[in-house]
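Chemist: Okay, predicted coordinates and the sequence, questions at the end:
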Amino acid sequence: GSSNVPGLNNGPTGNNGNSTEGPGSNDGPPGPGVENSPGGSYDSSGYIGRVNANKVMPQQAVRRGLSGTVSFNVTFDSEGNFSGADMISSSGSSILDNAAASLVAGSGGIENTTGGPVTITINVDYGYN
């Protein structure tokens with residue numbers, strides 16, 4: 001058989017197998033932001049993009065000259081819906097920590113075909129460019 005199907009998220013194309021090589025792969029390896037597991041894969045790149053696109057420095061933090069990075073372990077259920085976030089590293093400012101917690105909770109879900117929950121680590125960086 002022969003298969004020449006691009007992988008998920010712009011991954012490489014399948015190997016176009018023939019009868020002397022055996023069957024071709026159904027699709028190529030996944031592209032960036034896609035992780036494989038035995039039961040499927042998940043893609044958190046859209047979620048991470050939404051977090052970064054929707055990040056706004058709180059005005060109170062601007063007035064106080066605050067900056068910092070907040071890190072979370074964010075969990076999604078078996079269907080890819082946001083199910084919770086645990087702060088693993090504080091920015092040192094409750095203003096930034098609370099803004100980041102609201103941001104990660106309100107940024108939607110991920111594509112998840114693993115059949116189980118998925119946890120990712122994300123850093124929300126509040127800095128001045």
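Modeler: Now that the structure is in, tell me what you want to look at.
Chemist: I'd like the mean pLDDT over the helix or strand harbouring residue 100, please.
Modeler: Element membership for residue 100 (DSSP states H and E) is helix 94-105. Helix 94-105 carries an average pLDDT of 98.
Chemist: Need the residues that contact that helix.
Modeler: Helix 94-105 has contacts (C-beta atoms under 8 Å, 6 or more residues apart in numbering) with 51, 54-56, 58, 60-61, 64, 66-68, 70, 72, 74, 82, 85, 87, 90-91, 122, 124, 126. Placement of C-beta: from N, CA and C, glycine included.
Chemist: From those residues, which land in strands?
Modeler: Among these, the members found in strands (DSSP state E) are 68, 70, 72, 74, 82, 85, 87, 122, 124, 126.
Chemist: pLDDT at the third one, what is it?
Modeler: Reading off the per-residue confidence, residue 72 sits at a pLDDT of 98.
Chemist: any low-confidence regions in the chain?
Modeler: The chain contains residues with pLDDT under 70 at 1-39, 129.
Chemist: how does it look with 90?
Modeler: By pLDDT under 90, the weakly predicted segments of the chain are 1-40, 128-129.
Chemist: Would you mind giving the domain segments of it?
Modeler: Per the record, the chain has its domains at 1-32, 33-126, by automatic domain parsing.
Chemist: still on that earlier bit, buried ones among the ones in strands among the contacts of helix 94-105?
Modeler: By neighbour count, with 16 or more other C-beta atoms under 10 Å, the ones in strands among the contacts of helix 94-105 hold 68, 70, 72, 74, 82, 85, 122, 124, 126 as buried.
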